[in-house]
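Asker: Sequence first, then the predicted structure:
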Amino acid sequence: MPLTVDDMTQMNFEGIIVGLATFLIIGIFHPIVIKAEYHFGTRCWWAFLLAGCGFAALSLFLDDLVWSTIAGVTAFSCFWSILELFQQKKRVEKGWFPKKD
């Protein structure tokens with residue numbers, strides 16, 4: 001039986017929106033971490049910490065569940081990026097990524 005307009009208005013797209021946003025956020029953070037380590041080394045870890053705290057605070061004050069969730073995902077992606085920054089340093093030392101001279 002094909003979907004009708006009434007069926008489409010009853011569908012819940014929030015999960016798909018949050019899933020897509022999470023996928024994009026994680027994908028965006030990979031090159032950010034690589035570039036940050038290349039240009040600044042690991043000394044920029046505090047910027048990820050501050051951004052993470054900012055997004056975490058923002059998520060507490062947003063009324064819309066979708067936007068609050070996206071802000072929370074961004075916050076924890078920032079926190080995870082701190083670990084990845086130090087892992088990236090090790091990957092550079094192994095020669096897997098270029099080192100800035």
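Answerer: Ah, there it is. Residues are numbered from 1 along each chain as shown.
Asker: quick one: average pLDDT of stretch 79-94?
Answerer: For stretch 79-94, mean pLDDT is 94.
Asker: what's in contact with it?
Answerer: The contact list for stretch 79-94, computed with C-beta atoms under 8 Å, 6 or more residues apart in numbering, reads 29, 32-34, 36-38, 41-42, 44-45, 48-49, 52, 97-99. C-beta: built from backbone N, CA, C; applies to glycine.
Asker: what's the span of stretch 10-18, first residue to last?
Answerer: End-to-end distance of stretch 10-18 (C-alpha to C-alpha, to the nearest Å): 18 Å.
Asker: Do a quick rundown of the helices in the protein.
Answerer: For the chain, the helices defined by DSSP state H cover 5-10, 14-40, 45-61, 65-93.
Asker: follow-up on the earlier one: could you turn the buried ones of the contacts of stretch 79-94 into a PyMOL selection?
Answerer: Buried residues among these (16 or more other C-beta atoms under 10 Å), as a PyMOL selection:
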select buried, resi 29+33+34+36+37+44+45+48+52
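Asker: Quick one: residues contacting the nearest residue to residue 59 once chain neighbours are set aside.
Answerer: Distances taken as C-beta to C-beta, 6 or more residues apart in numbering place residue 71 nearest to residue 59, at 3.7 Å, with adjacent residues excluded. Remark: with contacts taken as C-beta under 8 Å, 6+ apart, residue 71 is in contact with 55-56, 58-59, 62.
Asker: so what's residue 71 scoring on pLDDT?
Answerer: 98.
Asker: re earlier: would you point to the one among the helices of the chain that's packed deepest?
Answerer: Counting by mean count of other C-beta atoms under 10 Å, helix 65-93 has the highest mean neighbour count of those, with a mean of 17.
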